[in-house]
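Chemist: got a predicted structure here, sequence first:
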Amino acid sequence: MALSMVHLLAAHRWAVGRPEYFESPEYYLGAISPDAMHIRFHNDKSRKNEFHLGNWVSVAEENVHAYWRERFEPFDVGYGIHVLTDGHWIPSVKRDFPELVNELGNVRPMPYYNDVYQTDYALYRDAPEREHLFELLKIARAPKDHPMLSEAELSQWRDEQLAFYDRPCPHGEPVEHIDPKYVLRFLDELIPKIDAITGRYF
């Protein structure tokens, strides 16, 4: 999975030219919220694909369309952007870094997490959008009626993400593959793909 800075930057780029989302605190909260399932399940990822609407490691856009037919507030738009980002992320990593893929076809946890954690910290430090995005997150209000996650879980996840980057990065080996430049190239490729999926709605 991509970490929160990648998701926030993807959401921010997609919202350019869409003012109803571009400055919406709840939209950006939605853009980090599928991972709030970790509040309930901690490190157990066995239901992650469910909370990502089938988009954890590949794109299932029909599931996102079904979700948006039922729920289309800014939070829900951000939620869909998150899962679509993740659905494109792992195939992109596998395509560009086959040396990170094990014999079962899965991304090797290490050095993958070493790279993505350090890169997310670097994006937090250097991305000019970050300060404003985090100010919006601070005032975002979680929905009370989400079908999968409670208001308390969504709020706690938001608070944990706001505090996350104040702690030392948990990894420190040299970054070999997924660096900030790679993330920016990924976003350049991603946004037209999401535009094509969202065009009929937003």
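Modeler: Perfect, I can see it now. Note that the coordinates shown come from a computational prediction; the quantities given were computed from them, not determined experimentally. Residues are numbered from 1 along each chain as shown.
Chemist: the longest helix along the chain - what's its average pLDDT?
Modeler: Ranked by number of residues, the top helix in the chain under DSSP state H is helix 74-96. For helix 74-96, mean pLDDT rounds to 98.
Chemist: what packs against it?
Modeler: With contacts taken as 3 or more CB pairs under 8 Å, 6 or more residues apart in numbering; DSSP states H and E, helix 74-96 sits against helix 4-15, helix 19-22, helix 25-30, helix 61-70, helix 180-198. Heads up, the C-betas are built off the backbone N, CA and C, glycines and all.
Chemist: residue contacts, the residue lying farthest from the centre of the chain?
Modeler: Seen from the C-alpha centroid of the chain, the residue lying at the greatest distance (CA atoms, centre = their mean) is residue 103, 26.5 Å away. Shown in contact with residue 103 (CB atoms under 8 Å, 6 or more residues apart in numbering): no residues.
Chemist: can you check the pLDDT for it?
Modeler: For residue 103, pLDDT reads 96.
Chemist: for it, helix, strand, or coil?
Modeler: coil (DSSP: H, G, I helix; E, B strand; the rest coil).
Chemist: for residue 183, see how far away it is.
Modeler: 27 Å (CB to CB, to the nearest Å).
Chemist: picking up where we left off before, relative to helix 4-15, how tilted is the longest helix of the chain?
Modeler: 110 degrees (axes from the mean of the first three to the mean of the last three CA atoms, to 10 degrees).
Chemist: continuing past helix 74-96, what's the next helix or strand?
Modeler: Remark: after helix 74-96, the chain's next helix or strand is helix 109-126, criterion DSSP states H and E.
Chemist: specify the angle between that following helix and helix 180-198 in degrees.
Modeler: Counting by the same axes, to 10 degrees, helix 109-126 lies at 90 degrees to helix 180-198.
Chemist: which residues touch residue 43?
Modeler: With CB under 8 Å, 6+ apart as the criterion, no residue contacts residue 43.
Chemist: for residue 195, same thing?
Modeler: Shown here is residue 195, whose contacts under the criterion CB under 8 Å, 6+ apart are residue 14.
Chemist: cool, and residue 129?
Modeler: Residues counted as contacts of residue 129 (CB under 8 Å, 6+ apart) are 8, 9, 12.
Chemist: out of those, who's the most crowded?
Modeler: residue 8 (26 neighbours; other CB atoms under 10 Å).
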